[in-house]
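# Sharing a model prediction with you, sequence too.
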Amino acid sequence: MARKCSVCGAEFEQKPGPGRPRLRCEGCRPREARRARQPSVSAPVALPAVLRTGLVASVEAQLREAGRESSPRGALALVLAETLAAGGHTASGAAALARELQATLDAALAGAPRSGDALDEIGRRRAQKAAGA
């Protein structure tokens, strides 16, 4: 069956078979190089300078306070914090790193003695007063 090319108007023979009918002749059909798609790469997400400098220091301070900075999970948490602070990740990559950092930090600090804050101190004093009264 003869068809006309939608680009140049030349007649060409339609090949039988399944699929959509061809609209262009052999000379006008898209070349493989033109059809090849370039991989889409997201722009890297740059973290704010405050987060870059404070993140590693904050993680290190938490681990040091708990006495876990030399544990394997503590060391891994520091590496993850440094990697996240270095930047150059896509948004989904940064989110995955942050999620993994939180999970690793929770695991590293699990079971560590917790220093009390002001509310803990108030509760302790109330308990002492109630026991002494």
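Perfect, thanks for sending it.

# For Arg3, give me phi and psi.
Arg3 adopts backbone torsions of phi -130, psi 160, taken as degrees, to the nearest 10.

# again but with Ser58, I slipped
Backbone torsions of Ser58, given as degrees, to the nearest 10, read phi -70, psi -40.

# Pull out the buried positions in stretch 61-79.
Of the residues in stretch 61-79, those with enough neighbours to count as buried (16 or more other CB atoms under 10 Å) are Gln62, Leu63, Ala66, Arg68, Glu69, Ser71, Arg73, Gly74, Leu76, Ala77, Leu78. In this view, the C-beta of every residue, glycine as well, is placed from N, C-alpha and C.

# how far away is the fifth one from Pro16?
Glu69 is 72 Å from Pro16, where distance means CB to CB, to the nearest Å.

# now the second one
When distance is defined by CB to CB, Leu63 is 71 Å away from Pro16.

# Same check on the third one?
For Ala66, the distance to Pro16 (CB to CB) stands at 74 Å.

# just the helices in the protein please.
With helices called from DSSP state H, the chain shows them at 32-35, 49-66, 72-86, 91-109, 118-132.

# now the ones you listed as a markdown table including distance to Glu11 and mean pLDDT?
Listed next are the helices of the chain as a markdown table, based on distance: least, CB to CB, whole Å; pLDDT from 0 to 100:
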| stretch | distance to Glu11 | mean pLDDT |
| --- | --- | --- |
| helix 32-35 | 24 | 50 |
| helix 49-66 | 65 | 80 |
| helix 72-86 | 61 | 90 |
| helix 91-109 | 50 | 93 |
| helix 118-132 | 86 | 85 |
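
# among the ones you listed, which is the most enclosed?
Across the helices of the chain, averaging neighbours per residue (mean count of other CB atoms under 10 Å) puts helix 72-86 on top, at a mean of 18.

# Sounds good, over and out.
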